[in-house]
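Q: take a look and give me a structure for this.
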Amino acid sequence: MQQAISKAAGLVEAYEYIRSFEGKTVVVKVGGSIMDDPATLASLIQDVCFMDAVGMKPIVVHGGGKRITDSMRDAGLEAQFVQGRRYTDERTLAIAEHVLVGEINQAIVDQINALGPQAMGLHSLGSCAVFAKRLFLQPDADTPDRSRKVDLGFVGEVDWVNADLIKALVEAGYIPVIAPVARDAGGGKLNVNADSVAGHVAAAIRAEKLVLVSDTHGIRTSNNPDSLASHLTRQQIQSLIDTGVIAAGMLPKVEASLTALEGGVKKAHIVDGRIPHSLMLEIYTQEGIGTEIVL
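A: Below is the predicted model:
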(Lines give C-alpha, C1' and ligand atoms only; values in the text may rest on other atoms or scores of the structure.)
Protein backbone atom coordinates (compact mmCIF):
# COMPACT_ATOMS: atom_id res chain seq x y z
CA MET A 1 0.00 0.00 0.00
CA GLN A 2 2.76 2.45 0.94
CA GLN A 3 4.49 1.87 -2.39
CA ALA A 4 1.26 2.65 -4.24
CA ILE A 5 0.79 5.82 -2.17
CA SER A 6 4.35 6.93 -2.99
CA LYS A 7 3.71 6.39 -6.70
CA ALA A 8 0.51 8.44 -6.49
CA ALA A 9 2.38 11.25 -4.68
CA GLY A 10 5.00 11.22 -7.42
CA LEU A 11 2.34 11.55 -10.09
CA VAL A 12 0.75 14.47 -8.25
CA GLU A 13 4.15 16.22 -8.03
CA ALA A 14 4.81 15.57 -11.71
CA TYR A 15 1.38 16.94 -12.69
CA GLU A 16 2.39 20.48 -11.74
CA TYR A 17 5.47 20.31 -13.95
CA ILE A 18 3.64 18.59 -16.80
CA ARG A 19 1.18 21.48 -16.89
CA SER A 20 3.87 24.17 -16.69
CA PHE A 21 5.97 22.60 -19.46
CA GLU A 22 3.13 21.75 -21.84
CA GLY A 23 3.97 23.02 -25.31
CA LYS A 24 7.54 23.95 -24.31
CA THR A 25 10.57 22.77 -26.26
CA VAL A 26 13.39 20.88 -24.54
CA VAL A 27 16.68 19.93 -26.23
CA VAL A 28 18.07 16.63 -24.90
CA LYS A 29 21.68 15.79 -25.70
CA VAL A 30 22.66 12.14 -25.26
CA GLY A 31 26.28 11.09 -25.03
CA GLY A 32 28.96 9.27 -23.09
CA SER A 33 28.82 5.59 -22.21
CA ILE A 34 25.01 5.74 -22.42
CA MET A 35 25.39 5.35 -26.18
CA ASP A 36 27.03 1.94 -25.64
CA ASP A 37 24.45 0.51 -23.24
CA PRO A 38 21.31 -0.50 -25.19
CA ALA A 39 19.14 -0.84 -22.07
CA THR A 40 20.12 2.58 -20.68
CA LEU A 41 19.66 4.25 -24.07
CA ALA A 42 16.27 2.56 -24.53
CA SER A 43 15.15 3.83 -21.10
CA LEU A 44 16.22 7.37 -21.98
CA ILE A 45 14.39 7.22 -25.31
CA GLN A 46 11.31 6.05 -23.43
CA ASP A 47 11.58 9.17 -21.25
CA VAL A 48 11.79 11.33 -24.39
CA CYS A 49 8.65 9.66 -25.72
CA PHE A 50 6.88 10.27 -22.40
CA MET A 51 7.74 13.97 -22.67
CA ASP A 52 6.17 13.99 -26.12
CA ALA A 53 3.07 12.17 -24.85
CA VAL A 54 2.38 14.73 -22.10
CA GLY A 55 2.68 17.73 -24.43
CA MET A 56 6.33 18.71 -24.29
CA LYS A 57 8.28 19.13 -27.52
CA PRO A 58 11.58 17.23 -27.24
CA ILE A 59 14.50 17.50 -29.65
CA VAL A 60 17.32 14.96 -29.44
CA VAL A 61 20.98 15.64 -30.22
CA HIS A 62 23.37 12.69 -29.89
CA GLY A 63 27.07 11.97 -29.86
CA GLY A 64 28.94 8.73 -30.40
CA GLY A 65 32.66 9.32 -29.91
CA LYS A 66 33.52 5.93 -28.40
CA ARG A 67 31.82 4.05 -31.23
CA ILE A 68 33.73 6.15 -33.76
CA THR A 69 36.99 5.23 -32.03
CA ASP A 70 36.02 1.54 -32.04
CA SER A 71 35.12 1.66 -35.74
CA MET A 72 38.39 3.40 -36.55
CA ARG A 73 40.30 0.66 -34.74
CA ASP A 74 38.39 -1.99 -36.67
CA ALA A 75 39.46 -0.21 -39.87
CA GLY A 76 43.10 -0.17 -38.76
CA LEU A 77 43.15 3.53 -37.84
CA GLU A 78 44.35 5.00 -34.56
CA ALA A 79 42.44 7.97 -33.15
CA GLN A 80 44.59 11.08 -32.73
CA PHE A 81 43.65 13.90 -30.39
CA VAL A 82 44.89 17.47 -30.39
CA GLN A 83 44.16 19.54 -27.27
CA GLY A 84 41.51 16.98 -26.37
CA ARG A 85 39.79 17.08 -29.78
CA ARG A 86 39.79 14.29 -32.37
CA TYR A 87 41.89 15.05 -35.46
CA THR A 88 39.64 14.23 -38.44
CA ASP A 89 41.03 13.39 -41.85
CA GLU A 90 38.90 12.21 -44.79
CA ARG A 91 38.87 8.55 -43.73
CA THR A 92 38.04 9.45 -40.13
CA LEU A 93 35.23 11.75 -41.31
CA ALA A 94 33.76 8.97 -43.47
CA ILE A 95 33.79 6.59 -40.50
CA ALA A 96 32.33 9.24 -38.18
CA GLU A 97 29.51 9.98 -40.62
CA HIS A 98 28.72 6.29 -41.07
CA VAL A 99 28.60 5.70 -37.30
CA LEU A 100 26.77 8.89 -36.30
CA VAL A 101 24.29 9.00 -39.18
CA GLY A 102 23.96 5.51 -40.57
CA GLU A 103 24.06 3.66 -37.27
CA ILE A 104 23.27 5.78 -34.19
CA ASN A 105 20.90 8.36 -35.66
CA GLN A 106 18.88 5.78 -37.56
CA ALA A 107 18.69 3.50 -34.51
CA ILE A 108 17.34 6.31 -32.28
CA VAL A 109 14.79 7.32 -34.91
CA ASP A 110 13.65 3.70 -35.24
CA GLN A 111 13.32 3.25 -31.47
CA ILE A 112 11.25 6.42 -31.09
CA ASN A 113 8.98 5.44 -33.97
CA ALA A 114 8.51 1.97 -32.47
CA LEU A 115 7.18 3.55 -29.25
CA GLY A 116 4.53 5.61 -31.04
CA PRO A 117 5.78 9.16 -31.68
CA GLN A 118 7.16 10.26 -35.04
CA ALA A 119 10.88 11.02 -35.26
CA MET A 120 12.94 12.43 -38.11
CA GLY A 121 16.71 12.37 -38.45
CA LEU A 122 18.46 15.62 -39.35
CA HIS A 123 21.98 15.07 -40.60
CA SER A 124 24.54 15.44 -43.39
CA LEU A 125 23.06 12.68 -45.56
CA GLY A 126 19.57 14.17 -45.67
CA SER A 127 17.91 17.28 -44.32
CA CYS A 128 20.73 19.08 -42.53
CA ALA A 129 19.88 21.65 -39.85
CA VAL A 130 23.36 22.47 -38.55
CA PHE A 131 25.99 24.33 -40.57
CA ALA A 132 29.58 24.89 -39.51
CA LYS A 133 32.95 26.38 -40.43
CA ARG A 134 36.40 24.88 -39.97
CA LEU A 135 37.67 25.00 -36.40
CA PHE A 136 41.27 26.11 -35.77
CA LEU A 137 42.66 26.05 -32.24
CA GLN A 138 45.04 28.50 -30.66
CA PRO A 139 48.55 27.05 -30.21
CA ASP A 140 49.50 25.76 -26.78
CA ALA A 141 52.83 25.00 -25.14
CA ASP A 142 53.15 21.72 -27.06
CA THR A 143 52.61 23.26 -30.50
CA PRO A 144 55.86 23.33 -32.52
CA ASP A 145 55.03 26.57 -34.36
CA ARG A 146 53.41 28.95 -31.85
CA SER A 147 52.71 31.51 -34.61
CA ARG A 148 50.16 29.33 -36.44
CA LYS A 149 46.74 28.11 -35.41
CA VAL A 150 46.25 24.37 -35.01
CA ASP A 151 44.47 22.61 -37.88
CA LEU A 152 42.15 19.76 -36.79
CA GLY A 153 41.23 18.64 -40.29
CA PHE A 154 37.51 18.23 -40.98
CA VAL A 155 36.42 19.48 -37.57
CA GLY A 156 33.96 22.35 -37.35
CA GLU A 157 32.36 24.84 -35.04
CA VAL A 158 28.69 25.74 -35.41
CA ASP A 159 28.15 28.71 -37.69
CA TRP A 160 24.38 28.60 -38.24
CA VAL A 161 21.37 26.52 -37.24
CA ASN A 162 18.29 26.20 -39.47
CA ALA A 163 15.88 27.00 -36.67
CA ASP A 164 12.94 27.35 -39.08
CA LEU A 165 13.32 23.74 -40.23
CA ILE A 166 13.57 22.41 -36.68
CA LYS A 167 10.60 24.46 -35.48
CA ALA A 168 8.50 23.36 -38.47
CA LEU A 169 9.15 19.69 -37.68
CA VAL A 170 8.34 20.20 -34.01
CA GLU A 171 5.11 22.01 -34.78
CA ALA A 172 4.17 19.19 -37.19
CA GLY A 173 4.48 16.73 -34.33
CA TYR A 174 7.90 15.24 -35.08
CA ILE A 175 10.78 14.64 -32.69
CA PRO A 176 13.91 15.84 -34.53
CA VAL A 177 16.99 13.66 -33.95
CA ILE A 178 20.15 15.58 -34.84
CA ALA A 179 23.54 14.03 -35.60
CA PRO A 180 26.64 16.24 -35.09
CA VAL A 181 27.91 16.06 -38.68
CA ALA A 182 27.36 19.49 -40.21
CA ARG A 183 27.58 21.03 -43.67
CA ASP A 184 29.84 23.97 -44.46
CA ALA A 185 29.21 26.89 -46.81
CA GLY A 186 30.65 24.96 -49.75
CA GLY A 187 28.58 21.83 -49.17
CA GLY A 188 31.39 19.91 -47.47
CA LYS A 189 31.02 18.02 -44.21
CA LEU A 190 32.50 18.71 -40.80
CA ASN A 191 32.50 16.75 -37.56
CA VAL A 192 31.29 18.95 -34.69
CA ASN A 193 31.27 18.43 -30.93
CA ALA A 194 27.80 17.17 -30.02
CA ASP A 195 27.56 19.23 -26.80
CA SER A 196 28.27 22.36 -28.83
CA VAL A 197 25.62 21.39 -31.40
CA ALA A 198 23.05 20.93 -28.63
CA GLY A 199 23.84 24.30 -27.08
CA HIS A 200 23.57 26.14 -30.40
CA VAL A 201 20.35 24.32 -31.36
CA ALA A 202 18.77 25.20 -28.01
CA ALA A 203 19.79 28.85 -28.43
CA ALA A 204 18.60 29.06 -32.04
CA ILE A 205 15.10 27.83 -31.26
CA ARG A 206 15.02 29.52 -27.80
CA ALA A 207 14.17 26.25 -26.08
CA GLU A 208 12.78 26.22 -22.56
CA LYS A 209 15.55 23.90 -21.37
CA LEU A 210 18.74 22.19 -22.47
CA VAL A 211 19.43 18.86 -20.77
CA LEU A 212 22.84 17.26 -21.26
CA VAL A 213 22.57 13.56 -20.41
CA SER A 214 25.85 11.73 -20.04
CA ASP A 215 27.80 9.47 -17.69
CA THR A 216 28.58 12.18 -15.15
CA HIS A 217 26.62 13.06 -12.01
CA GLY A 218 26.75 16.77 -12.74
CA ILE A 219 29.16 19.45 -11.58
CA ARG A 220 31.11 19.07 -8.35
CA THR A 221 32.48 22.12 -6.56
CA SER A 222 35.60 20.29 -5.36
CA ASN A 223 37.33 16.93 -5.61
CA ASN A 224 35.03 15.65 -2.89
CA PRO A 225 32.56 13.14 -4.44
CA ASP A 226 29.83 14.55 -2.17
CA SER A 227 30.21 18.11 -3.45
CA LEU A 228 27.65 17.80 -6.27
CA ALA A 229 26.08 21.21 -6.93
CA SER A 230 22.36 21.21 -7.62
CA HIS A 231 22.33 24.85 -8.78
CA LEU A 232 25.04 27.07 -10.26
CA THR A 233 25.20 30.50 -11.87
CA ARG A 234 27.52 31.60 -14.68
CA GLN A 235 29.64 33.53 -12.18
CA GLN A 236 30.04 30.46 -9.96
CA ILE A 237 30.93 28.32 -12.98
CA GLN A 238 33.60 30.79 -14.10
CA SER A 239 35.15 30.61 -10.64
CA LEU A 240 35.24 26.79 -10.85
CA ILE A 241 36.87 26.99 -14.29
CA ASP A 242 39.46 29.50 -13.05
CA THR A 243 40.41 27.23 -10.15
CA GLY A 244 40.60 24.15 -12.37
CA VAL A 245 37.69 22.32 -10.74
CA ILE A 246 35.80 22.33 -14.04
CA ALA A 247 38.14 20.98 -16.71
CA ALA A 248 38.60 18.38 -19.46
CA GLY A 249 35.38 16.65 -20.52
CA MET A 250 33.13 18.86 -18.41
CA LEU A 251 34.23 22.04 -20.21
CA PRO A 252 32.33 21.39 -23.49
CA LYS A 253 29.16 20.70 -21.50
CA VAL A 254 29.51 23.90 -19.51
CA GLU A 255 30.31 25.92 -22.64
CA ALA A 256 27.26 24.45 -24.40
CA SER A 257 25.10 25.32 -21.40
CA LEU A 258 26.29 28.93 -21.40
CA THR A 259 25.76 29.19 -25.18
CA ALA A 260 22.16 28.08 -24.68
CA LEU A 261 21.53 30.41 -21.74
CA GLU A 262 23.02 33.41 -23.51
CA GLY A 263 20.70 32.61 -26.44
CA GLY A 264 17.60 32.88 -24.27
CA VAL A 265 17.20 29.36 -22.85
CA LYS A 266 15.97 29.60 -19.25
CA LYS A 267 17.87 26.69 -17.70
CA ALA A 268 20.48 24.12 -18.64
CA HIS A 269 20.89 20.81 -16.81
CA ILE A 270 23.70 18.25 -16.63
CA VAL A 271 22.45 14.85 -15.46
CA ASP A 272 23.65 11.27 -15.16
CA GLY A 273 21.84 9.08 -17.67
CA ARG A 274 23.00 5.92 -15.90
CA ILE A 275 20.38 6.64 -13.23
CA PRO A 276 17.05 5.14 -14.35
CA HIS A 277 14.68 7.81 -15.71
CA SER A 278 17.12 10.60 -14.79
CA LEU A 279 15.63 12.84 -17.48
CA MET A 280 12.18 12.66 -15.93
CA LEU A 281 13.53 13.04 -12.40
CA GLU A 282 15.36 16.23 -13.36
CA ILE A 283 12.41 17.80 -15.18
CA TYR A 284 9.39 16.57 -13.25
CA THR A 285 10.53 16.69 -9.62
CA GLN A 286 11.36 19.53 -7.24
CA GLU A 287 14.76 18.20 -6.14
CA GLY A 288 16.13 17.00 -9.47
CA ILE A 289 19.22 14.80 -9.56
CA GLY A 290 21.87 16.73 -11.49
CA THR A 291 23.16 20.29 -11.78
CA GLU A 292 21.01 23.09 -13.14
CA ILE A 293 22.75 26.15 -14.57
CA VAL A 294 21.32 29.64 -14.91
CA LEU A 295 22.79 33.01 -15.84
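Q: so where do the helices sit in the stretch 51-200 of the chain?
A: 65-74, 90-97, 106-114, 163-171, 194-204 (DSSP state H, counting those that start in this stretch).
Q: buried ones in the second one, by neighbour count?
A: Across helix 90-97, burial judged by 16 or more other C-beta atoms under 10 Å covers 92-93, 95-97. Yep, even glycine has a C-beta here, placed from its N, CA and C like the rest.
Q: what number of residues lie near Ala203?
A: Residues near Ala203, counting by other C-beta atoms under 10 Å, number 23.
Q: once you drop chain neighbours, what's closest to it?
A: Gly263 (2.4 Å; C-beta to C-beta, 6 or more residues apart in numbering).
Q: could you double-check that Ile246 sits in contact with Val254?
A: Yes: between Ile246 and Val254 there is a contact at 5.8 Å, judged by C-beta atoms under 8 Å.
Q: the nearest residue to Leu100 once chain neighbours are set aside: what's it in contact with?
A: Closest residue in space to Leu100, ignoring its immediate chain neighbours: Ala179 at 4.5 Å, by C-beta to C-beta, 6+ apart. Ala179 makes contact with 62, 100-101, 104-105, 121-124, according to C-beta atoms under 8 Å, 6 or more residues apart in numbering.
Q: again, only using 6 Å
A: 100-101, 105, 123 (C-beta atoms under 6 Å, 6 or more residues apart in numbering).
Q: report the two of the residues you listed separated the most.
A: Across these, the longest distance by C-beta to C-beta is 7.3 Å; it joins Leu100 and His123.
Q: on that earlier part again, which one of the buried residues of helix 90-97 sits closest to Ser222?
A: Of the buried residues of helix 90-97, the one sitting nearest to Ser222 (C-beta to C-beta) turns out to be Ala96, at 35.6 Å.
Q: quick check, the closest one in contact with Ile68.
A: Yes: using C-beta atoms under 6 Å, Ala96 makes contact with Ile68 at a distance of 5.0 Å.
Q: burial count for the residue nearest to Ala203?
A: Using other C-beta under 10 Å, the number of residues around Gly263 comes to 18.
Q: cool, and Ala107?
A: When neighbours are defined as other C-beta under 10 Å, Ala107 has 16 of them.
Q: quick check: which ranges of this protein have low pLDDT?
A: In the predicted model of the chain, residues 1-12, 84, 139-148, 287 satisfy pLDDT under 70.
Q: that one: strands as residue ranges?
A: In the chain, the strands defined using DSSP state E lie at 25-30, 57-62, 81-82, 85-86, 118-122, 130-137, 150-161, 174-178, 181-183, 189-192, 209-214, 231-233, 267-272, 291-294.
Q: of the contacts of Ala179, closest to Val201?
A: His123 (12.8 Å).
Q: can you read off the backbone torsions of the closest residue in space to the closest one that isn't next to it in sequence?
A: Nearest non-adjacent residue to His123, counting by C-beta to C-beta, 6+ apart: Ala179, 3.9 Å away. With angles defined as degrees, to the nearest 10, Ala179 sits at phi -90, psi 150.
Q: more neighbours: which of Ile246 and Val254?
A: For the pair Ile246 and Val254, the greater number of neighbours falls to Val254 (25 against 20), based on other C-beta under 10 Å.
Q: gap between that one and Ile241?
A: Remark: distance between Val254 and Ile241 (C-beta to C-beta, to the nearest Å) = 7 Å.
Q: thinking again about what came up before, just the buried residues of the contacts of Ala179.
A: Buried subset of those (neighbour count, 16+ other C-beta under 10 Å): 100-101, 105, 123.
Q: circling back to that earlier point, could you identify which of the helices of the stretch 51-200 of the chain is most buried?
A: Counting by mean count of other C-beta atoms under 10 Å, helix 194-204 has the highest mean neighbour count of the helices of the stretch 51-200 of the chain, with a mean of 28.
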